[in-house]
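[1] my questions are about this predicted structure, shown below with the sequence.
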Amino acid sequence: MTVAIGTFTVVTSEMLPVGLLTPMSDSLKVTEGVAGLTLTITGLVAAVSSPLLTSALSRFDRRIVLCALMAVLLIGNLGAAWSPNFGVMVAARVLVGIGMGGVWAIAASIAVRLVPPNSVGTATTLVFSGIAVASVLGIPAGAFVGALAGWRAAFVVAAVLALLVLLAMAVLLPKLPAEGTVQLGGVMRLFGNPQVRTGLIVVAFLVTGHFAAYTYVRPVLEDVSRVSAGMIGTLLLVYGIAGVAGNFISGAGAGRSPRKTLLVISVVMAATVLLLPVVGGAPWVAGALMAVWGLTYGGVSVSTQTWILAASPDAREAASSLFVGVFNGAIALGALLGGQAADGIGITSAMWVGGGLALAALVATAVGRAPTTGPL
C-alpha cells in the first residue's frame, strides 16, 4: 500500500498542471499552450531519467533510493508552489520529473518482492492503482484545491504528501537490496523484442493521444460546454471515479488478454475524445463522455504494463524503466502537440489530435506482436 501511495503521489505531482492550467497561465503571464509545457518538461525529464536512474542506482537498496527520489519530488513541488515566474516553474518541474521517473520505474518492478508468490497479481494491480487513481483523481483534487485556495496551494499539498510518503517508506518498507546491476545497454536491447516493441508503440500512441487532448480539457469544456470553474472540478471528478473502476476492470482483463483489453480501450477512447467537441455542448453530455473517457484511460497504465511484463518476464526492472521512459515521453509529446494545435488552430483541435492517435493505437494493437496472456 505504501508503494501504491508513492506512485499516486509522483503521478499526481506530474499531472497537477492539467487541472490548474487556466489560473497558472494567468498568474505566470503565459498562454495556456505555454503553460501546458510544464507537463511536457516533466514528462521529457522523466522519460530520460527513468532508464538512466534505474541503471545508475541499480546497486543501491531500493528503499533508500525510493526515499531519496521522494525527497527530490518534495523539493520540486515546493519550488513550483513558490515560483514567481515561468523560468523558476520550469526548474521546479525538472526536479519533479527526476523524482517521478525514478520512483515509478522502481515501484513498478518491486511488487513481486514485497508479497508471497500467490499475491503478486493483486500487488501489481494495487501498485498501478496508485498511478491510475492519480491520473484520474489527483487532477480533479488539485483543481478543487486550486479553486478553494489558489493553484499554488495545490503544489504545497503535493509537497506535504510527498513528505508523508517519504517517512512512511523509510519506516514501513523492508530493506530491498539490489538484486543485480541493470546495464543501460541491456535496457535498450529490449527494443529488439518484437512483443516489447509493439507494446511500447501502443503506449506511445495511446498516451500521446490522451495527453494531447486531456491536458487542454479544462479550456475545451469551458469553451464547448460553457461550464463554470466549480463544474469543471465536478466533471473531472466524474472522470476520476470512472477511471478508478477502469483500472481494476482492465487489470483483470489484461491478465487474460492484453491485446483484447487494449483493443477495447483504444476504440472507445478514440470515439469519446472525438465526440466531446461535437456533442458535448450540454454539461450532462460532457459529463457522460468524461465518465466513459475516464473508464477507458483508467485501464491504460495497468494494461500496457501487463503487456510489457508479459513480454519480458526475465527483465522486469529494465522493462519497467523502458516503459516508464516511453510513457512519460508520450505525456510530454502529447502535451506539446495538443498545445501547438490549441494555440495554432483552436482549442478544440487538441481533441482531434488525441482521437486520431487513439485510432493509431488501435491499428498498432491489432497488427503487432502481442503476448497471449498476462505475466502473472
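    That came in fine, so what should we check first?
[2] residue 4 against residue 103, yeah?
    No. With contact defined as CB atoms under 8 Å, residue 4 does not reach residue 103; the gap is 11.7 Å. Any C-beta I mention is one placed from the backbone N, CA and C, and that applies to glycine too.
[3] phi, psi for residue 85 please.
    Main-chain torsions, residue 85, degrees, to the nearest 10: phi -150, psi 170.
[4] before we move on, the earlier item: more neighbours: which of residue 4 and residue 103?
    Neighbours were counted for residue 4 and for residue 103 using other CB atoms under 10 Å; residue 103 has more, 32 against 21.
[5] which SSE is that one in?
    Under the criterion DSSP states H and E, the helix or strand holding residue 103 is helix 86-114.
[6] kindly provide the whole-number mean pLDDT of that helix.
    The average pLDDT within helix 86-114 is 81.
[7] mind giving me the packing neighbours of that helix?
    If contacts are counted by 3 or more CB pairs under 8 Å, 6 or more residues apart in numbering; DSSP states H and E, helix 86-114 sits against helix 2-28, helix 37-56, helix 62-82, helix 120-133, helix 316-344.
[8] mind checking the ones you listed for the one nearest to residue 237?
    Checking these against residue 237 by CB to CB gives helix 2-28 as the closest, at 10.3 Å.
[9] so who does residue 95 touch?
    Remark: with contacts taken as CB atoms under 8 Å, 6 or more residues apart in numbering, residue 95 is in contact with 72-73, 75-76, 79.
[10] okay if I get these as TSV plus pLDDT, neighbour count and distance to residue 325?
    Formatted as TSV, the contacts of residue 95 follow (pLDDT from 0 to 100; neighbours: other CB atoms under 10 Å; distance: CB to CB, whole Å):
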residue	pLDDT	neighbour count	distance to residue 325
72	93	20	17
73	93	29	17
75	95	16	22
76	94	28	19
79	94	20	23
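[11] one step back: which one of the helices and strands packed on helix 86-114 lies nearest to residue 150?
    Between residue 150 and the helices and strands packed on helix 86-114, the tightest spacing by CB to CB is seen for helix 2-28, at 7.3 Å.
[12] packing partners for the helix or strand following that closest one?
    Downstream of helix 2-28, the first helix or strand assigned by DSSP H and E is helix 32-35. Judged by 3+ CB pairs under 8 Å, 6+ apart, the packing partners of helix 32-35 are helix 2-28, helix 316-344.
[13] so can I have JSON lines of these showing distance to residue 86 and mean pLDDT?
    Supplementary listing: the helices and strands packed on helix 32-35 in JSON lines, determined by distance: least, CB to CB, whole Å; pLDDT from 0 to 100:
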{"stretch": "helix 2-28", "distance to residue 86": "5", "mean pLDDT": "81"}
{"stretch": "helix 316-344", "distance to residue 86": "14", "mean pLDDT": "81"}
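[14] which one of the ones you listed lies nearest to residue 233?
    helix 2-28 (7.6 Å).
[15] for the closest one, buried residues please.
    Judged by neighbour count (16 or more other CB atoms under 10 Å), helix 2-28 contains these buried residues: 2-25, 27-28.
[16] where are the low-confidence patches of the protein?
    Scanning the chain for pLDDT under 70 picks out the ranges 1, 58, 108-125, 127-128, 132, 135-137, 176-188, 229, 313-317, 372-376.
[17] how far away is the most far-flung residue of it relative to its centre from residue 326?
    Distance to the chain centre peaks in the chain at residue 282, reaching 28.4 Å (criterion: CA atoms, centre = their mean). Relative to residue 326, residue 282 is positioned 37 Å away (criterion: CB to CB, to the nearest Å).
[18] repeat that for residue 37.
    Counting by CB to CB, the gap from residue 37 to residue 326 is 20 Å.
[19] one more: residue 82?
    Residue 82 sits 32 Å away from residue 326 when distances are taken as CB to CB.
[20] those two: which is more packed in?
    Using other CB under 10 Å as the criterion, residue 82 and residue 326 rank with residue 326 on top: 24 against 13.
[21] check contacts around the closest residue to the more buried one other than its chain neighbours.
    Nearest residue to residue 326, sequence neighbours excluded (CB to CB, 6 or more residues apart in numbering): residue 200, at 4.8 Å. Listed by CB under 8 Å, 6+ apart, the contact partners of residue 200 are 191, 308, 322-323, 326.
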